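Asker: here are the coordinates; sequence isn't available:
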C-alpha cells in the first residue's frame, strides 16, 4: 500500500505560500494507518524500547499506536501549562520566534530506551528540543521517527548523531 496516497496537500494553509501535508485521510483509513504503523515499527526490529514519547499534537496519533504495538508506556510532550504534574521544559526557535515544550519530571527513568515520534520533521527545532528533554531525564534515544520529512528544510541536521527514520520523504 502506498501511504503517500493518503496524504493531501492543502495550499496556503496555515498561511499563504505553505503547502500543508494533511494526514487526516491517512487517519481515516484503518488500512493505511495500519500500513504506516507497520512501516514505522519495522524500522525498530531488534531494538529494545521502554517508552514512546509523542509530541503535541499530531505526534500523539501514531505515538500512542506505536506504544501500544510495542507494549510500552506512552509519554506526551506538550506545550506549557498543559501537563498537570511537575515538568521540565526546553525552548526552541521558530521562524517567527520561540516556543517551549514540557515533559513530566517522572516520565522517563535514567537508562530508559526511548523512541520519539512526531508527525513531521521540518526545521528540526521541535525534535531537537524533545531530544534534550529526554536526555535531561537520563533517557537513551533509540530513534526519532516521523510520518514525513521535508528535506528542503534540513531538519535532520539538528538531529546529528541520532537515528532518524521518516515513513515519507518530500
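Answerer: Sure, I can see it. Quantities reported herein were computed from a predicted structural model and do not represent experimental measurements.
Asker: from residue 28, how far off is the most centrally placed residue in the chain?
Answerer: In the chain, the C-alpha nearest the mean C-alpha coordinate belongs to residue 118, at 1.5 Å (C-alpha atoms, centre = their mean). Residue 118 sits 20 Å away from residue 28, taking C-beta to C-beta, to the nearest Å as the criterion. Placement of C-beta: from N, CA and C, glycine included.
Asker: next up, the contacts around residue 80.
Answerer: By C-beta atoms under 8 Å, 6 or more residues apart in numbering, the residues touching residue 80 are 89, 100, 101, 102.
Asker: with respect to residue 169, which of those residues is nearest?
Answerer: For residue 169, the closest of those turns out to be residue 101, at 24.3 Å, with distances computed as C-beta to C-beta.
Asker: ok, that closest one touching residue 130?
Answerer: Yes - with the criterion set as C-beta atoms under 8 Å, residue 101 and residue 130 qualify as a contacting pair; they are 6.3 Å apart.
Asker: not counting sequence-adjacent ones, nearest residue to residue 170?
Answerer: For residue 170, the nearest residue in space outside its immediate sequence neighbours is residue 150; the separation is 5.4 Å by C-beta to C-beta, 6 or more residues apart in numbering.
Asker: burial check on that neighbour, number of neighbours?
Answerer: When counting by other C-beta atoms under 10 Å, one arrives at 18 neighbours for residue 150.
Asker: kindly report the same for the one 5 residues further on.
Answerer: The criterion is other C-beta under 10 Å. On that basis, residue 155 has 22 neighbouring residues.
Asker: just the one 3 residues further on next, same as before
Answerer: Each residue near residue 158 was counted by other C-beta under 10 Å, and the total is 18.
Asker: direction included, what does the helix or strand containing residue 142 pair against?
Answerer: Using DSSP states H and E, residue 142 maps to strand 140-149. According to DSSP bridges, strand 140-149 forms sheet pairs with strand 113-121 (parallel), strand 164-169 (parallel).
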